[in-house]
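Peer 1: Got a predicted structure plus its sequence, pasted below:
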Number of protein chains: 2
Amino acid sequence: MSGPAQIREDTDRFTVDAFHRGDFHLVQPARRGHRAGTDAMMLAASVPGDFRGRLADLGAGAGAAGLAVASRCPGASVLLVENAPEMANFARRSLSLAENGRLAGRCSVLEADVRLPEAARRAAGLADFSFDWAIMNPPFNSPGDRPSPDALRRYAHVMDDHDVFQSWLRTAGWIVRPGGGVAVIARPESLQAILSGMHPYFGAQEVKALHPRTDRPATRIVVRAIRGSNKALSVLPPLFLHAQGSDRFTEEADAINNGRASLFGD
Amino acid sequence: MSGPAQIREDTDRFTVDAFHRGDFHLVQPARRGHRAGTDAMMLAASVPGDFRGRLADLGAGAGAAGLAVASRCPGASVLLVENAPEMANFARRSLSLAENGRLAGRCSVLEADVRLPEAARRAAGLADFSFDWAIMNPPFNSPGDRPSPDALRRYAHVMDDHDVFQSWLRTAGWIVRPGGGVAVIARPESLQAILSGMHPYFGAQEVKALHPRTDRPATRIVVRAIRGSNKALSVLPPLFLHAQGSDRFTEEADAINNGRASLFGD
């Protein structure tokens, strides 16, 4: 297996990036695919700071969100669930970095499809009620990135979106124990699909919108919920990422992005 | 019919209250039932300021929201749809007040159940595609006011909530013309029921949360949408009603509450 020094030589294919002000590092593809950033950090920050137990990062990619939880919560052990072999390899390489020694022993990688039906999902290693938390940042469906004037394509996208959250949240509903938590980060347009997909597994939903500025629509929403809870949904004060007239994060957003604070204040 | 002076004498049974800094007045029961206030004003403020055309206030009660639209939008004609005979009477008495002369000619009352099935609804006078806008503030279901520890009651409430928004928004979907608008004010816990009830009639949903303060969960949400639109949902910056450490409305909230500004900035 390659050591960190060798990994860094192959700059055409991947990069090694520092997160949480250097608390952990991530090996990820340099040019192709989804590169981790603020979304993964915000998702990780939705886990309470005092979290202890087993957490599944569903669709983990190179592992940014799951590693961020492991880095911030010393009592967390994290399973990075990723279906694409190339991305799962990047996650394994991240765990082999010397810089991640503090948390690598509490993290592992499972190459599996989040959408597997029950029996296959259990056989793959995702047992019922075996996690205390699950987090997910499902891939966006490209047609929705540029709203299409074609009603049929738009409808297809909405249905895809529903299918994605339905299947991903059903898996979360099966693997998270009663009383455990789930968090999802997504685009605002997925709100209905997320709430619908959480039913009937998760209650006590907390909706938190992320706005680039105080006068702009949200660019992301994070929805957090509790397995088996009957409590009602609440809408929390949003997070504004930047101050007016500035491209830098606010102090609050910077602390959350760097593993110094929770997105939900806990 | 009683004139305003006589109406005011019967203080045991009703009051006459000024809204929009005296721009219009409302006759409403003094002690029983739902008394209009900020919710109705926020709902009315979700209609664009330059609105012209026919608007239905579904479940209008004494008519606060509908009259607020008529007061703010000189080109609006408003139908107050109310099923309870007593409340419909209060709405008629409001229209007979001398103080409401400026807008009474553009307003009328229809005693009908918003939940009527198609044929009965048309027969009652709510024709298909005959309105440019509909607004609604459906009654809250009391069990949800105090979240019940009894899962079955909680589930029954959630189902009731779904039924209410499903039937009210179906009616709105039938009576509002393509390209017309709808707005709903409700508790945050009704978010999923509202989004689900809007499907497939309304798109381009805009979610606006009303928070009492910058650090408190929302106490109300307003969802606005366009009949037949394929555009995606967006989450707008919330409205904070009070400044920190003050019980008075912020300048912005006060202007919206008093018919001087739109909740959605249009």
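Peer 2: Sure, I can see it.

Peer 1: next structured bit after the lowest-mean-pLDDT helix or strand in chain A?
Peer 2: Of the helices and strands making up chain A, the lowest-confidence element is helix A:4-9, at a mean of 41, by mean pLDDT, DSSP states H and E. Sequence-wise, the next helix or strand downstream of helix A:4-9 (DSSP states H and E) is strand A:14-19.

Peer 1: can you list the residues that contact that next one?
Peer 2: For strand A:14-19, contacts defined as C-beta atoms under 8 Å, 6 or more residues apart in numbering or on different chains pick out A:4, A:7-8, A:24-30, A:36, A:41, A:64, A:67-68, A:71, A:90, A:93, A:97, A:258-259. Where C-beta positions appear, they are placed from N, C-alpha and C, glycine not excepted.

Peer 1: from the stretch 51-200 of chain A, which residue is nearest to chain B?
Peer 2: Minimum separation of the stretch 51-200 of chain A from chain B (C-beta to the nearest C-beta) falls at residue A:189, amounting to 3.6 Å.

Peer 1: list the contacts for that residue?
Peer 2: By C-beta under 8 Å, 6+ apart, the neighbours of residue A:189 are A:144, A:161, B:232-234.

Peer 1: where does residue A:129 fall, helix, sheet strand or coil?
Peer 2: Under DSSP: H, G, I helix; E, B strand; the rest coil, residue A:129 falls in the coil class.

Peer 1: Report how many residues lie close to the closest residue to it other than its chain neighbours.
Peer 2: Of all residues not flanking residue A:129 in the chain, residue A:177 sits nearest, at 4.3 Å (C-beta to C-beta, 6 or more residues apart in numbering or on different chains). Using other C-beta atoms under 10 Å in any protein chain shown, residue A:177 has 16 other residues around it.

Peer 1: And residue A:177, which helix or strand is it part of?
Peer 2: Going by DSSP H and E, residue A:177 is part of strand A:176-186.

Peer 1: near chain B, which residues of the stretch 101-250 of chain A show up?
Peer 2: A:144, A:147-148, A:151, A:154-155, A:187-189, A:191-192, A:195-196, A:199, A:207, A:209, A:211, A:214-218, A:221, A:230-238 (C-beta under 8 Å from any C-beta of the partner chain).

Peer 1: Any regions of chain A where pLDDT drops low?
Peer 2: Low-confidence segments of chain A, defined by pLDDT under 70: A:1-12, A:31-34, A:141-159.

Peer 1: can you give me the strands in it?
Peer 2: Using DSSP state E, the strands found in chain A span residues A:14-19, A:24-29, A:52-58, A:75-82, A:107-111, A:131-136, A:176-186, A:202-211, A:220-227, A:234-235, A:239-240.

Peer 1: Buried deepest among these, which one?
Peer 2: strand A:131-136 (a mean of 26; mean count of other C-beta atoms under 10 Å in any protein chain shown).

Peer 1: Output the contacting helices and strands for that one.
Peer 2: Packing partners of strand A:131-136 (3 or more C-beta pairs under 8 Å, 6 or more residues apart in numbering or on different chains; DSSP states H and E): helix A:38-44, strand A:52-58, helix A:64-72, helix A:151-175, strand A:176-186.

Peer 1: Could you point out which of the ones you listed sits nearest residue A:253?
Peer 2: Shortest distance between residue A:253 and the helices and strands packed on strand A:131-136, using C-beta to C-beta, is found for helix A:38-44: 8.6 Å.

Peer 1: Just name whatever secondary elements that closest one is in contact with.
Peer 2: By 3+ C-beta pairs under 8 Å, 6+ apart, helix A:38-44 packs against helix A:64-72, strand A:131-136, strand A:176-186, strand A:220-227, helix A:251-257.

Peer 1: Let me see the residues that make contact with the third one.
Peer 2: By that I understand strand A:176-186. Strand A:176-186 has contacts (C-beta under 8 Å, 6+ apart) with A:39, A:42-43, A:46-48, A:53, A:56, A:129-138, A:140, A:165, A:169, A:172, A:194, A:198, A:201-202, A:220-229.
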